[in-house]
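Visitor: take this sequence and fold it.
(chains A and B)
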2 protein chains.
Amino acid sequence: MLKNKMTQLLKIEYPIIQAPMAGGITTSNLVAEVSNAGGLGMIGAGYMTPNQIREQIKEIKQYTSKPFGINLFIPNEFAYTDSEVKLANQVLKPIRNQLHINEDPNLDIPTCDQVFETFNEQIKVIIEERIPVCSFTFGIPSEAVISELKQNNIFVIGTATTVEEAVEVEKSGMDIVVVQGSEAGGHRGNFISPSQDSLIGLMSLIPQVVDHVSIPVIAAGGIMDARGLMASLCLGALGVQMGTAFLTCIESGAQKVYKEAIMHAKEDQIVLTRAFSGKWARGIKNKFIAEMEKHEDLLPDFPVQNALTQPLRKASSAQQNADYLSLWSGQSPRLAKNQTVESLMKSIITEAKNINNSFFRY
Amino acid sequence: MLKNKMTQLLKIEYPIIQAPMAGGITTSNLVAEVSNAGGLGMIGAGYMTPNQIREQIKEIKQYTSKPFGINLFIPNEFAYTDSEVKLANQVLKPIRNQLHINEDPNLDIPTCDQVFETFNEQIKVIIEERIPVCSFTFGIPSEAVISELKQNNIFVIGTATTVEEAVEVEKSGMDIVVVQGSEAGGHRGNFISPSQDSLIGLMSLIPQVVDHVSIPVIAAGGIMDARGLMASLCLGALGVQMGTAFLTCIESGAQKVYKEAIMHAKEDQIVLTRAFSGKWARGIKNKFIAEMEKHEDLLPDFPVQNALTQPLRKASSAQQNADYLSLWSGQSPRLAKNQTVESLMKSIITEAKNINNSFFRY
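Guide: Residues are numbered from 1 along each chain as shown, chains lettered A, B, ... in the order given. Model prediction:
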């Protein structure tokens, strides 16, 4: 019932991908357990150095012999002015005071060149380590990168938030497209439509994309259990990518305060903000988001704002203080549980069979 | 396969409700054809006088012997200042000029008392005419109204955009709750959460509501075909309410330019605006929305702004000019077709059976 072209392509048992959440969530244990349970574990490597990537791949290979994947951020040109940074630092000052940290005078804001160089090195490691699946967010890699990955038998997955973006992903030669609904937690993956216009709910997004591309479509956003999986399949997707559901699992690297914040959140407390990173992302509204709301439009773009808030998020995390953490979450926090990956996967499969048997046969 | 507690309650063949779109869309022919095809046709009576309601009910009864329903807007207290109205009139002036109409010096802005009185008269007609189903948007009617309707064997349906709102609908004693996803076209039905926080996609909204209420849940927003129907059922809804799919049907009262605008729209051109009515609503971004964007926060609330823009929408409609019409649409315009209600209903039923047979049996 759950086997299809996508599971065949990726050589996995169930059409369930663990979303590649960046920032320390996707521990080797999480990734390996998802793959061991028949899904596809994914490393969220957007913020990782090439060396960190190599080490984690080696570690995961010790924990599983099943396929797993990795996700990279497509670098984009960016620019900023000193006055933008100065303003952001001013706005962040009261928060630093609350956390008892100082502004770092040597704070490392990356240059465009550095970001592009890192990306190329990340790709090199992925090819050397022969990881079977590589997905991308925030755009489409160059033709050269796509064909190099494919020549090395690496499946290439793109991310889209609209029909137009999905069509571009297919045109580029990528193998699969993940469609990110407005329900999704974390960063918006839009790269053609402006963020606000690309907030399409999966009920609308999946069938419209499916009608316009012929590569397999994977649904992402708010999917936490068998109900979301079966609904996505009805809408024409061949699988799902789940983030928040795996984030609160025991094996994930998310802080305890973060997991608890999700498990106590309500769906209408989860908002869009660009205050953490300079890119729009969905997370639980906390003190940081509330305090930054009025400055939001003036803050520098990604990855500059991300670099400026990084020490602050680190300190908040060390102090087990959820007020200044980026609490990314999809719109279904009431469905989140703190359980093992194995138990989550088993309950999805069992429940999917129940929906199939009891529901569709009368 | 498509029979359940909800179809039994409402005495309909298929779990498909035609959304009660206000403003002349729900012609007697549209409502009757939906009911004749086994769904539930609904009159969008929010803006109708008691007499208009009585006449349309009589007309529909000539066209169908099947059950049909009606929707009313719950009146809310509102206030406005002369300077707000003056500002709005200033902002609307260039648009009036384009449409060659003048500001109406005798324009009728309703008072709170009038709005509440009209509502009570609307309820009276509904009870006298023994229409079997009455749904409400923008809140919960008083205990007295709910119990009077129920004593008269009228099923009462509420609208909710969050779990909290759905729980309140159930507590009030209403029989069924329609959950409106962020995908939905037209006015947002939120009445507790602020509009922006209540934009929950159906993939998240349906299962979270289903887990918190025991009355039947009906899904609304972006559902256009059997894929959306079957997905909603997987998520735990017992039926769907479809607006845009019926709006472009031949029997609907929407202007030709309006239907065509939907059939040419893309999902990321459909935005939220409060410029037409003073309440947030989703529609195709046209010249009016673009021109009013920067004034949006300053405009008076519903129903004041609605009254101010009414002559302008009327003129735009008479001139077959879509630039200044409210082009309400859900997020799935690419799935819209200009067909008969019968053909839409038949294709949904056939396709639903196909999904059930070919998809869930292997």
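Visitor: what's the neighbour count on the closest residue to chain B within the stretch 251-362 of chain A?
Guide: Relative to chain B, the nearest point of the stretch 251-362 of chain A is A:Gln331 (3.7 Å; CB to the nearest CB). In short, each C-beta sits where N, CA and C put it, glycine included. By other CB atoms under 10 Å in any protein chain shown, 29 other residues sit near A:Gln331.
Visitor: repeat that for the one 4 residues further on.
Guide: The local packing of A:Leu335 (other CB under 10 Å) involves 22 other residues.
Visitor: measure how far the helix or strand hosting A:Val209 is from the centre of its chain, please.
Guide: Secondary structure assigned from DSSP states H and E places A:Val209 in helix A:202-210. Put simply, helix A:202-210 sits 19 Å off its chain's centre (CA atoms, centre = their mean, to the nearest Å).
Visitor: report the rounded mean pLDDT for that helix.
Guide: Helix A:202-210 carries an average pLDDT of 98.
Visitor: again with stretch A:62-77
Guide: So the average pLDDT for stretch A:62-77 ends up being 97.
Visitor: can you show me the helices along the stretch 101-250 of chain A?
Guide: Secondary structure of the stretch 101-250 of chain A by DSSP state H, counting those that start in this stretch: the helices cover A:112-128, A:143-151, A:163-171, A:202-210, A:226-234, A:244-247.
Visitor: which pLDDT does the model give A:Ser358?
Guide: So, for A:Ser358, pLDDT stands at 67.
Visitor: one more: A:Ser317?
Guide: Note for A:Ser317: predicted pLDDT of 94.
Visitor: so what's it up against?
Guide: A:Gln255, A:Leu325 (CB atoms under 8 Å, 6 or more residues apart in numbering or on different chains).
Visitor: report the distance from the helix or strand harbouring it to the chain centre.
Guide: Element membership of A:Ser317, judged by DSSP H and E, is helix A:304-318. Distance of helix A:304-318 from the chain centroid (CA atoms, centre = their mean) equals 19 Å.
Visitor: residues of that helix that come out buried?
Guide: Neighbour counts over helix A:304-318 (16 or more other CB atoms under 10 Å in any protein chain shown) mark A:304-313, A:315-317 as buried.
Visitor: would you mind listing what in the stretch 1-150 of chain A touches chain B?
Guide: Within the stretch 1-150 of chain A, the positions lying close to chain B (CB under 8 Å from any CB of the partner chain) are A:Met1.
Visitor: next, count neighbours for whichever residue of the stretch 1-150 of chain A sits closest to chain B.
Guide: Relative to chain B, the nearest point of the stretch 1-150 of chain A is A:Met1 (6.5 Å; CB to the nearest CB). By the criterion of other CB under 10 Å, A:Met1 has 15 neighbours.
Visitor: tell me how far it lies from B:Leu327.
Guide: 41 Å (CB to CB, to the nearest Å).
Visitor: kindly report the same for A:Val115.
Guide: A:Val115 is 41 Å from B:Leu327, by CB to CB.
Visitor: report the contact partners of the residue of the stretch 251-362 of chain A closest to chain B.
Guide: Counted by CB under 8 Å, 6+ apart, A:Gln331 has contacts A:182-183, A:185, A:221-222, A:267, A:270, A:282, B:200-201, B:203-205.
Visitor: ok so, going back, list the helices and strands the following helix or strand past the helix holding A:Ser317 packs on?
Guide: Proceeding N to C from helix A:304-318, the next assigned helix or strand is helix A:341-354, under DSSP H and E. Where contact means 3 or more CB pairs under 8 Å, 6 or more residues apart in numbering or on different chains; DSSP states H and E, helix A:341-354 is packed against strand A:16-18, helix A:28-36, helix A:226-234, helix A:244-247.
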